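>>> Output the structure for:
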Amino acid sequence: MKNIIIIGDGGHAKSCCDVIELEKKYKILGFVTSNTRKKKISNNYPILGTDKDLKTLRKKCENAFIAIGHIKDNSIRKKILKKLINFKFNLPKIISPLSYVSKNSKILNGTIVMHGAIVNAGSVINKNCIINTKSLIEHDCIIDENCHIAPGAIVNGHTHVGKNTFIGSNSVIKQEVKIGNNCFINANYFLKKNLTANKKKF
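Below is the predicted model:
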């Protein structure tokens with residue numbers, strides 16, 4: 001089992017740890033966090049340091065995972081991603097054994113597919129995405145990098161979701177809709193037509 005370090009210390013980090021433990025591909029060494037006052041976070045894993053320690057930590061561990069949430073802003077996730085790439089960390093994809101991911105779909109590195117999520121045939125999930133608990137990505141969708149599909153959200157077939165976009169819990173995206181980069185879709189929203197970049201729907 002390969003070692004991995006977790007970036008983040010919030011609720012999403014705890015959920016990511018649960019998925020990683022269940023997948024049993026990686027052994028968690030501990031957390032990297034800005035809050036060094038904490039001694040331990042989830043399941044008694046230690047605090048290893050802050051992002052200033054990443055260069056040193058890379059000498060001890062080649063794998064890292066970003067477990068920082070993304071709702072209104074994913075700038076921290078993107079900033080950390082750049083640092084991890086600069087230090088040549090391996091950023092694996094994490095897929096819950098309790099999810100369903102079609103063998104005819106594609107999941108790129110740095111993305112997590114959480115418990116109960118479904119990714120159907122022909123879909124592509126790009127780098128550094130969160131496919132959260134019980135969300136549904138239907139057939140032939142494209143989810144661009146740095147997106148968060150929140151718990152219970154439904155993205156219907158042939159939809160294209162642009163970079164850095166957040167789709168809220170229990171929202172529904174109609175089939176064949178195109179969503180631009182940097183969009184925000186609130187929880188419980190039904191999006192039935194295309195959405196240009198940098199737009200918000202409440």
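>>> Neighbouring strands of the helix or strand of the chain with the lowest mean pLDDT in the sheet, and parallel or not?
Lowest mean confidence among the helices and strands of the chain (mean pLDDT, DSSP states H and E): strand 47-49, at a mean of 92. In the sheet, strand 47-49 lines up against strand 26-32 (parallel) (DSSP bridges).
>>> hmm, who's touching the partner strand?
1-9, 13, 17, 20-21, 41-43, 45-51, 53-54, 57, 60-61, 63-64, 92, 94 (CB atoms under 8 Å, 6 or more residues apart in numbering). Yep, even glycine has a C-beta here, placed from its N, CA and C like the rest.
>>> picking that back up, give me the distance from the least confident helix or strand of the chain to the chain's centre.
21 Å (CA atoms, centre = their mean, to the nearest Å).
>>> Likewise for stretch 182-192?
That offset, for stretch 182-192, works out to 18 Å (CA atoms, centre = their mean).
>>> If you count neighbours, what's buried in it?
Using 16 or more other CB atoms under 10 Å as the test for burial, stretch 182-192 gives 182-185, 189, 191.
>>> Nearest residue to the residue nearest the centre of the chain in space, ignoring adjacent ones along the chain?
Centroid-nearest residue in the chain: residue 130, 2.4 Å away (criterion: CA atoms, centre = their mean). Among residues not flanking residue 130 along the chain, residue 148 sits closest, at 4.3 Å (CB to CB, 6 or more residues apart in numbering).
>>> Which strand residues bridge that neighbour?
Assigned bridge partners for residue 148, using DSSP bridges, are residue 130, residue 166.
>>> Grab the CA positions of stretch 144-158 and hand them over as PDB.
The C-alpha coordinates for stretch 144-158 follow below in PDB (Å, rounded to 0.1, in the frame of the first residue of the first chain):
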ATOM      1  CA  ASP A 144     -13.900  20.100 -16.900                       C
ATOM      2  CA  GLU A 145     -11.100  20.500 -14.300                       C
ATOM      3  CA  ASN A 146     -11.600  22.000 -10.800                       C
ATOM      4  CA  CYS A 147     -15.400  21.400 -10.700                       C
ATOM      5  CA  HIS A 148     -17.500  20.400  -7.700                       C
ATOM      6  CA  ILE A 149     -20.700  18.400  -8.300                       C
ATOM      7  CA  ALA A 150     -22.300  18.500  -4.800                       C
ATOM      8  CA  PRO A 151     -24.200  15.700  -3.000                       C
ATOM      9  CA  GLY A 152     -27.300  14.500  -4.800                       C
ATOM     10  CA  ALA A 153     -26.800  16.700  -7.900                       C
ATOM     11  CA  ILE A 154     -27.900  15.200 -11.300                       C
ATOM     12  CA  VAL A 155     -26.100  16.100 -14.500                       C
ATOM     13  CA  ASN A 156     -28.000  14.600 -17.400                       C
ATOM     14  CA  GLY A 157     -26.600  13.100 -20.600                       C
ATOM     15  CA  HIS A 158     -24.400  15.000 -23.100                       C
END
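>>> Now for the residue nearest to residue 130, how many residues are close by?
A count of nearby residues for residue 148, using other CB atoms under 10 Å, gives 23.
>>> Check the one 3 residues further on too.
Other residues near residue 151 number 19, with proximity taken as other CB under 10 Å.
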